[in-house]
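Chemist: Provide a 3D model corresponding to the input given below.
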Amino acid sequence: MKSFQNKVAAITGAASGMGRELAIELAARGCHLALCDLNETGLQETVRLAARPGVHMTAARLDVGDRAAVYAWADSVAAEHGRVNLIFNNAGVAVASQLEQVDREDFEWIMGINFWGVVWGTQAFLPHLRASGEGHVVNTSSVFGLVAVPGQGPYNASKFAVRAYTEALRMELALAGAPVSATCVHPGGIRTHIARDSRIAPNVQQLTGLPPEESRQRFDRLLNTTSARSAALQILKAVQRNRRRVLIGPDAKLLDLLVRVLASGYQPLLEGALRRLRDARGKHGTLPAAD
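Modeler: Sure, this is the predicted structure:
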């Protein structure tokens, strides 16, 4: 897909962050849009920011973890726009907890959005993408779909699952000779609302020495490596080049290299780093600032 002019793209999680920036950039390139999110206020702001003459745009409040609702949305998008060329399964949430103690409701919540939302979005839109004759599936994993981190097990599980699902999907589509391809996105630290909206269990403090709210603030400061607009531009370039995987940000590229070189040897390094941070907290009562 070399051009997005007059194509139709569906984007989940479009109320903020990468979803919003994808919408704005695609509209600027003449792509028609179908947007969804649970945050109706943010969604309407995205519609306002992305509005361009000649670009047809629709927006819907949608829970991507609701299979029936996702299928109904896909059919309505195809009916309203006449076709669908791209689906960006971008919606995502975060849960931080020790795996031994993670709350079942929290685990089901994150898997329902981060993984099943991707599955339902892909399956619901694939027939429409095939029918368009030129389609692309873009699924958002994470740098945490490359590297596992203590205290982030639920998030890791959801994002590793997205990676495996998308890689297998890409090969199946190629073997079938389908007019559809797939790309898996691995963002590193992107400036979005995910940290502020995350669920952080008190048990994480046993690993990091940080109270939940301080963990949230520190996590939010760390997610400042790459702007959401830069991430959107890199994703669209990857679609145009039909890339199987796109690493967003220098941190994602560094961690990918670390895993390639060390394999599972990266795990003791992370364990040691967490021990040092926890010990520093216990000794001084504070941790070094995350710049």
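
Chemist: ok, residue 16 to residue 24 distance?
Modeler: Distance check for residue 16 against residue 24: by CB to CB, to the nearest Å, it reads 12 Å. Just so you know, the C-beta spots here come from the backbone N, C-alpha and C atoms, and that holds for glycine as well.

Chemist: what residues are shared contacts of the two?
Modeler: With CB atoms under 8 Å, 6 or more residues apart in numbering applied, the overlap between the contact sets of residue 16 and residue 24 consists of residue 46.

Chemist: Residue 251: neighbour count?
Modeler: 18 (other CB atoms under 10 Å).

Chemist: Tell me the helix or strand right after the helix or strand it falls within.
Modeler: Under the criterion DSSP states H and E, the helix or strand holding residue 251 is helix 250-262. Under the assignment DSSP H and E, the closest C-terminal helix or strand after helix 250-262 is helix 266-284.

Chemist: what comes into contact with stretch 59-79?
Modeler: When contacts are taken as CB under 8 Å, 6+ apart, the neighbours of stretch 59-79 outside the stretch itself are 8, 10, 12-14, 34-38, 40, 43-44, 46-47, 58, 84, 87, 89, 91, 109, 112-113, 116-117, 120-121, 124-125, 128, 131.

Chemist: Let's see which of those end up in helices.
Modeler: Judged by DSSP state H, the subset of these located in helices is 40, 43-44, 46-47, 109, 116-117, 120-121, 124-125, 128, 131.

Chemist: Show me which of the residues you listed are buried.
Modeler: Among those, those that count as buried by neighbour count (16 or more other CB atoms under 10 Å) are 43, 46, 47, 109, 116, 117, 120, 121, 124, 125, 128.

Chemist: Could you single out the nearest of these to residue 164?
Modeler: residue 116 (14.0 Å; CB to CB).

Chemist: so what's that closest one up against?
Modeler: Contacts were defined as CB under 8 Å, 6+ apart; by that measure residue 116 touches 64, 65, 67.

Chemist: Mind checking which of those residues are in helices?
Modeler: Among the contacts of residue 116, the members found in helices (DSSP H) are residue 67.

Chemist: Throw the contacts of residue 116 into CSV and include pLDDT, distance to residue 249 and neighbour count, thanks.
Modeler: Putting the contacts of residue 116 into CSV (pLDDT from 0 to 100; distance: CB to CB, whole Å; neighbours: other CB atoms under 10 Å) gives the following:
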residue, pLDDT, distance to residue 249, neighbour count
64, 98, 24, 27
65, 97, 27, 21
67, 98, 32, 17
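
Chemist: Closest to residue 199 out of the contacts of residue 116?
Modeler: Ranked by distance to residue 199 (CB to CB), the contacts of residue 116 are led by residue 65 at 14.6 Å.

Chemist: ok, the closest residue to that closest one other than its chain neighbours - how many residues close by?
Modeler: The shortest distance from residue 65 to any residue that is not its chain neighbour, by CB to CB, 6 or more residues apart in numbering, is 3.4 Å, and that residue is residue 112. The burial metric for residue 112, expressed as a neighbour count using other CB under 10 Å, is 18.

Chemist: and if you look at the one 10 residues further on?
Modeler: The local packing of residue 122 (other CB under 10 Å) involves 22 other residues.

Chemist: Tell me who's in contact with it.
Modeler: Taking CB under 8 Å, 6+ apart as the contact definition, residue 122 lies against 87, 89, 137, 139, 165, 169.

Chemist: Centroid-nearest residue for the chain?
Modeler: Taking CA atoms, centre = their mean, the centroid of the chain lies closest to residue 140, which sits 3.5 Å from it.

Chemist: Tell me which residues are up against the helix holding residue 251.
Modeler: Among residues not part of helix 250-262, those counted as contacts by CB under 8 Å, 6+ apart are 143, 146, 147, 186, 187, 188, 189, 225, 226, 247, 266, 269.

Chemist: among those, who's most crowded?
Modeler: Each of the contacts of helix 250-262 was scored by neighbours using other CB under 10 Å; the highest score is residue 187's, at 31 neighbours.

Chemist: tell me the contacts of that residue?
Modeler: Each residue near residue 187 by CB under 8 Å, 6+ apart is listed here: 18, 140, 142, 143, 226, 231, 248, 249, 252.

Chemist: Swap in 7 Å and give it another go.
Modeler: Residue 187 is in contact with 142, 143, 231, 248, 249, 252, counting by CB atoms under 7 Å, 6 or more residues apart in numbering.
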